[in-house]
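Asks: 3D, please:
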Amino acid sequence: MCKKIASTSSACFARTLFGVDYGTFVWDIKHFSALRPNEQKSTQITSPAGSVLSTSIFLTNASSYRMKILIIPAHRNITMSECRIFVLDAAGITSELVEDTMFLDTNKMWDFPFSLTKEKLTEKKNLYLSKDVLTLKFEWAMNLGIAYENTELCNYRINS
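Replies: A predicted model of the protein is given here:
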């Protein structure tokens, strides 16, 4: 007959791999001063890993014409994405930075929270709009989902 029951605890740790696509590109938006409210300029980028992003910029009707940037991923398996957008000055040096993280729905576009206005940029056109070109640098990382279906590592331990 058992007189004492020993209590034990255990721990299990498992790990898998996720696919991540990193990319960077520079977008020169020509004739920026001629851009009107709700007029859209767009470009499409393909990363080295093959992910496609459609990116659009337009000005709102709000005072000072706030800039809006929309990012639309073509890859339907993206679950999370991080993006940093820099405004490059005439010397190619980053001077303004906006960054955001987005958990993407398959049918959702990313309305990037960009607070710069056309007015602010045109006030400093010698700095930001050399030859009437606004230069934006994008850096992103996209989680493409599970890259390896099996468990890569599993540890199990009983603590007594």
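Asks: Tell me where this protein has strands.
Replies: Secondary structure of the chain (DSSP state E): strands located at 9-30, 40-46, 52-59, 67-73, 80-88, 94-103, 110-112, 133-159.
Asks: Let's have the ones you listed in TSV, adding distance to residue 118, mean pLDDT and mean neighbour count.
Replies: For glycine as for every other residue, the C-beta is placed from the backbone atoms N, C-alpha and C. Output for those, formatted as TSV (distance: least, C-beta to C-beta, whole Å; pLDDT from 0 to 100; neighbours: other C-beta atoms under 10 Å):
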stretch	distance to residue 118	mean pLDDT	mean neighbour count
strand 9-30	11	79	12
strand 40-46	13	89	13
strand 52-59	6	84	18
strand 67-73	7	81	20
strand 80-88	12	86	19
strand 94-103	13	79	14
strand 110-112	16	76	17
strand 133-159	9	75	14
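Asks: Those strands: which one's closest to residue 121?
Replies: strand 133-159 (6.6 Å; C-beta to C-beta).
Asks: of all the strands of the chain, which lies closest to residue 125?
Replies: Smallest distance to residue 125 across the strands of the chain (C-beta to C-beta): 9.8 Å, for strand 133-159.
Asks: For residue 23, which non-adjacent residue is spatially closest?
Replies: residue 47 (3.7 Å; C-beta to C-beta, 6 or more residues apart in numbering).
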